[in-house]
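J.: Return a 3D structure for these sequence lines:
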Amino acid sequence: ALSSAASNTTCHEPLLEDTVSVIVRPFTLTGARAVAAITAAMEDYLKVIYRLSEDGHRATTQAIASRMNVAAPSVTGMIKRLTELKLVDHERYRSVSLTPTGEKAALEIVRHHRLLELYLAEALGFSWDQVHDEAERLEHTISEEFEARIDRALGYPTTDPHGDPIPSVSGAITSVPDDRLSALVPGERAIISRVDDTSPEKLRYLGTMGLYPDTEVSVVERQPFGGPLLVRVGEHEHYVGSELAETVHVERSTIATIENDTTPKR
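T.: The predicted structure is shown next:
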């Protein structure tokens, strides 16, 4: 399957100088997981801590437990082990942060996960609400050679199906606009940059409205007191609840007003 995908893809070396807003870290991710004999369970924790930070949240014990759907005492025990291995820094009653070694290991597993998601979607036909769970099962087992072949077959991509940035093998990762659809006011346009992938049900529902990365969306109106937004996607209008709109990351357009010379379909 890899050979077939590669033959239909124009492969090229990535040009980091052409990438906008790139954070470059002075290390190579290959083999990072071999450091300190990191287990698959540890990788899961490191990835969650990284994702919480990436989403702008504090990596508290409760936040980690909620994201991983485990009991708080289990998180406490694992954080103690990760601290002993110098993979995280943690002070009692404070949030957890990754050390440089821990971040390197986290980025490697994040790279595996997001490359797998894209390969599952583009080469194997999985829908965007299915790829996360499948990638979770595979990310700990693939070799560095397999990872490199997927990367090459896909043409060295920079984002996964949900718009999340894929770390490069050198540790470079593009920054993603962090405005939320929920923050837009009537008349504003934006391009969807990424969508939170923690809930397959929400992804399926957003998909029915066409709210995918790289899609233009505009806010027509918003109801008061935290009510839903009426948004326009193409020729159609949809109501989106404020909580769901918070999961959609956007980049505001320089065009501040929307045209109302046609009657969109709902």
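J.: Tyr119 is in contact with Pro161, correct?
T.: No: in terms of C-beta atoms under 8 Å, Pro161 does not count as a neighbour of Tyr119; the distance is 10.0 Å. C-betas here are computed from N, CA, C, even on glycine.
J.: show me where the stretch 1-150 of the chain has helices.
T.: Assigned by DSSP state H, counting those that start in this stretch, the helices in the stretch 1-150 of the chain fall at 2-7, 40-54, 61-68, 72-84, 100-122, 131-138, 144-153.
J.: Show me which residues of the fifth one are buried.
T.: Going back to what we said before, that points to helix 100-122. 101-122 (16 or more other C-beta atoms under 10 Å).
J.: Over to the fourth one?
T.: Neighbour-count burial for helix 72-84, with 16+ other C-beta under 10 Å as criterion, is recorded at 75, 78-79, 82-83.
J.: quick one: contacts of that helix?
T.: 41-42, 45-46, 61-62, 64-65, 68, 88-90, 96, 102 (C-beta atoms under 8 Å, 6 or more residues apart in numbering).
J.: what angle separates it from helix 40-54?
T.: Going by axes from the mean of the first three to the mean of the last three C-alpha atoms, to 10 degrees, helix 72-84 is angled at 90 degrees with respect to helix 40-54.
J.: Now Arg189: closest residue in space that isn't a chain neighbour?
T.: Take Arg189 and drop its neighbours on the chain: the residue closest to it by C-beta to C-beta, 6 or more residues apart in numbering is Ser253, 3.9 Å away.
J.: Any idea how many residues pack against the one you found?
T.: Residues lying near Ser253 (other C-beta atoms under 10 Å) number 15.
J.: One more: Ala65?
T.: Neighbours of Ala65 (other C-beta under 10 Å): 17.
J.: That one contacts Leu52, correct?
T.: No: using C-beta under 8 Å, Ala65 makes no contact with Leu52, being 11.4 Å away.
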